[in-house]
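Student: Predicted structure and sequence below. I'll ask about it afterward.
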Amino acid sequence: MSGTAAAGAAIIGQVTVKGSAGNTTSALIEANGNYNVDVSALTAPYILRAEGTVGGKAYTLHSYAEEADIGATVNITPFTDLIVSNAAGQIASAYYDAGNFT
């Protein structure tokens, strides 16, 4: 799974993907915001968390992907974080931490 993690500019940090079974895998975000993480050991659907900094400010943002999204671009931005929050009916970080996103 790959995409861009950004909040106005590239996030400097890492992406962690959590599968529906609760297991995770992580990858570093490149200087241009791109990430690429192997999710073959995880079970869909997936929730993604990008943690890092932009201009010295800390960010934790989320996105969501399904099995059909593998091979497609899955970005992580303030907008995707808001979409996850609205769809889940709770703050995206709480949804990620709870791990119940089937």
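Tutor: Here it is on my side, so go on. Numbers count the residues shown, from 1 in each chain.

Student: Which pLDDT value goes with Thr102?
Tutor: pLDDT for Thr102: 63.

Student: oh sorry, the question was meant for Ile29
Tutor: With respect to pLDDT, Ile29 has a value of 98.

Student: That one touches Gly13, doesn't it?
Tutor: Yes - contact status for Ile29 versus Gly13: in contact at 5.5 Å, counting by C-beta atoms under 8 Å. No exception for glycine: its C-beta is placed from N, CA and C like everyone else's.

Student: Compare neighbour counts for these two and give me the winner.
Tutor: Legend: neighbour count by other C-beta atoms under 10 Å for Ile29 and Gly13, higher for Ile29 (24 against 20).

Student: which residues does that one contact?
Tutor: Ala5, Ala10, Ile11, Ile12, Gly13, Gln14, Val15, Tyr35, Ala50, Gly52 (C-beta atoms under 8 Å, 6 or more residues apart in numbering).

Student: Distance check, the residue nearest to the spatial centre of the chain against Asp81.
Tutor: Of all residues in the chain, the one closest to the mean position by C-alpha atoms, centre = their mean is Leu48, 2.3 Å from it. As defined by C-beta to C-beta, to the nearest Å, Leu48 lies at a distance of 10 Å from Asp81.

Student: circling back to that earlier point, doesn't the residue nearest to the centre of the chain belong to a strand?
Tutor: Yes - counting by DSSP: H, G, I helix; E, B strand; the rest coil, Leu48 is located in a strand.

Student: Quick check: it touching Ile11?
Tutor: No - counting by C-beta under 8 Å, Leu48 does not reach Ile11; the two are 11.8 Å apart.

Student: overlap in contacts of the two?
Tutor: Ile76.

Student: just to revisit the earlier point, which one of the contacts of Ile29 is nearest to Ala41?
Tutor: Ala41 has its nearest neighbour among the contacts of Ile29 in Val15, at 15.3 Å by C-beta to C-beta.
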